[in-house]
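>>> below: sequence and its predicted model.
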Amino acid sequence: MSRNTAAWLYYAACLAVTGVFVFPVLWVLICSLRPAAESALPPAWIPSTLSLENYETLRRVGAGLWRYVGNSVAVSVGSALAVAAVAALAAFGFSRFRFAGRGVAFVLLLAAIMVPFQTVLTPLFIVLRAVGLHNTLLGLGIVYTTFHLPLAIFLMLTAMGAVPRTLDEAAMLDGAGALTVLLRVILPLVAPSLATVVLINFIAGWNEFLAALILMTDQSNYTLPVMLVTVTFGYMGTVDWGALQAATVLTMLPVLALTLCFQRYYVQGLVAGATKG
């Protein structure tokens, strides 16, 4: 087989794989722009006209579309930033200090990664209700932060472990304290990993459904994934496919945009610490 033939086969395979992932996204976008009258099954491949009718339907759902968007932004962004801040401090402590119980704490950290948070939702519901955080965005954000922390700490610990300690020592000789070393020496070097932690936890919080459904009983506090269930049923219990596809588009757009914008940092962050030197 010639080199040109092999190259053409390679590009054809890449195009086919890309099509498998891109086609569902394009199909959802097309379905969201169909008039409501054409959303019945089976749908036509090409709509007769494009309409924003389904998006207008979303605007009137429940407490209002932008209320649900605001709830999702507040919970996902707030929890992602909190996880990044706490994970950076915890990873710095694990990687730079020796203290009693360090090994046990690290084992417990790894064990927490293996526990599905769905298994403890009932105790969480009881605890949040007892402390007055049930059915609040703050309570939901604390839940997300708590269960996203172990993996975030592990990622940041891996990245900080690859930073030479000689840089810390040089900064301390110049009079820098531990916090200054973290903020001005280490964090700039592990910025891709920090960006990865923020992105991963934002996506996890943005897409999370079960905890938001169980812990939120007031419709005005629902997040976008829970709102998707609200718009599923139309008149007389029928599925409003057009509104559902429009809601799906609005839900996935921020994730796609952030992933494309920070793809370089995301890849760097995932491989940071894999090699040293």
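Okay, I see it. Since the structure is predicted, the reported quantities are computational estimates derived from the model, not experimental observations.
>>> any idea which helix or strand of this structure has the worst average confidence?
Least confident helix or strand, the chain: helix 263-271 with a mean of 62, by mean pLDDT, DSSP states H and E.
>>> run through the stretch 151-277 of the chain and note the low-pLDDT ranges.
For the stretch 151-277 of the chain, residues meeting the criterion pLDDT under 70 lie at 231-238, 265-277.
>>> please enumerate the helices of the stretch 101-250 of the chain.
Taking DSSP state H, counting those that start in this stretch as the test, the helices found in the stretch 101-250 of the chain are 102-113, 121-130, 137-161, 165-173, 178-181, 187-189, 191-207, 210-215, 224-230, 241-261.
>>> how about the ones you listed in a markdown table, adding distance to A84 and mean neighbour count?
(Glycine included, C-beta is placed from N, CA and C.) Output for the helices of the stretch 101-250 of the chain, formatted as a markdown table (distance: least, Cβ to Cβ, whole Å; neighbours: other Cβ atoms under 10 Å):
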| stretch | distance to A84 | mean neighbour count |
| --- | --- | --- |
| helix 102-113 | 16 | 12 |
| helix 121-130 | 22 | 14 |
| helix 137-161 | 7 | 22 |
| helix 165-173 | 21 | 13 |
| helix 178-181 | 16 | 14 |
| helix 187-189 | 10 | 14 |
| helix 191-207 | 5 | 22 |
| helix 210-215 | 20 | 18 |
| helix 224-230 | 22 | 20 |
| helix 241-261 | 14 | 18 |
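>>> indicate which one of the ones you listed is closest to F94.
The closest of the helices of the stretch 101-250 of the chain to F94 is helix 137-161. By Cβ to Cβ, the value is 5.3 Å.
>>> to R96, which of the helices of the stretch 101-250 of the chain lies closest?
helix 165-173 (6.6 Å).
>>> distance from the closest one to the middle of the chain?
35 Å (Cα atoms, centre = their mean, to the nearest Å).
>>> what is it packed up against?
Secondary-structure packing of helix 165-173 (3 or more Cβ pairs under 8 Å, 6 or more residues apart in numbering; DSSP states H and E): helix 178-181.
>>> convert the helix it packs on to CSV, retaining C-alpha atoms only.
C-alpha atoms of helix 178-181 as CSV (Å, rounded to 0.1, in the frame of the first residue of the first chain):
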residue,chain,number,x,y,z
ALA,A,178,4.1,29.1,52.3
LEU,A,179,1.1,30.9,50.9
THR,A,180,3.2,33.2,48.7
VAL,A,181,5.1,30.1,47.4
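>>> other residues contacting that helix?
Contacts with helix 178-181, where a contact means Cβ atoms under 8 Å, 6 or more residues apart in numbering, come from 92, 96, 168, 171-172.
>>> save these as CSV, and put in distance to V75 too.
Formatted as CSV, the contacts of helix 178-181 follow (distance: Cβ to Cβ, whole Å):
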residue, distance to V75
F92, 26
R96, 32
D168, 35
A171, 36
M172, 39
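>>> tell me how far P254 lies from V229.
Between P254 and V229 the computed distance is 19 Å (Cβ to Cβ, to the nearest Å).
>>> returning to what we had before: which one of the contacts of helix 178-181 is nearest T259?
Nearest member of the contacts of helix 178-181 to T259, counting by Cβ to Cβ, is F92, at 27.2 Å.
>>> next, that closest one: secondary structure please.
At F92 the chain is in helix, as set by DSSP: H, G, I helix; E, B strand; the rest coil.
>>> find the nearest non-adjacent residue to it, please.
L182 (5.0 Å; Cβ to Cβ, 6 or more residues apart in numbering).
>>> pretty sure the one you found contacts A90?
No. Counting by Cβ atoms under 8 Å, no contact exists between L182 and A90, whose distance comes to 11.2 Å.
>>> got a list of what V69 touches?
Neighbour list for V69: 224, 250 [criterion: Cβ under 8 Å, 6+ apart].
>>> do that again at 7 Å, thanks
Taking Cβ atoms under 7 Å, 6 or more residues apart in numbering, we find V69 in contact with L224.
>>> now whichever strand or helix holds it, how far from the centre of its chain.
Assigned by DSSP states H and E, V69 falls within helix 65-96. Relative to the centre of its chain, helix 65-96 is centred 10 Å away, using Cα atoms, centre = their mean.
>>> kindly report the same for stretch 198-210.
Its chain's C-alpha centre and that of stretch 198-210 lie 3 Å apart, by Cα atoms, centre = their mean.
>>> who's in contact with it?
With contacts defined as Cβ under 7 Å, 6+ apart, stretch 198-210 is touched by 72, 75-77, 79-81, 83-84, 118, 144, 148, 152, 225-226, 254-255, 258, 262, 266.
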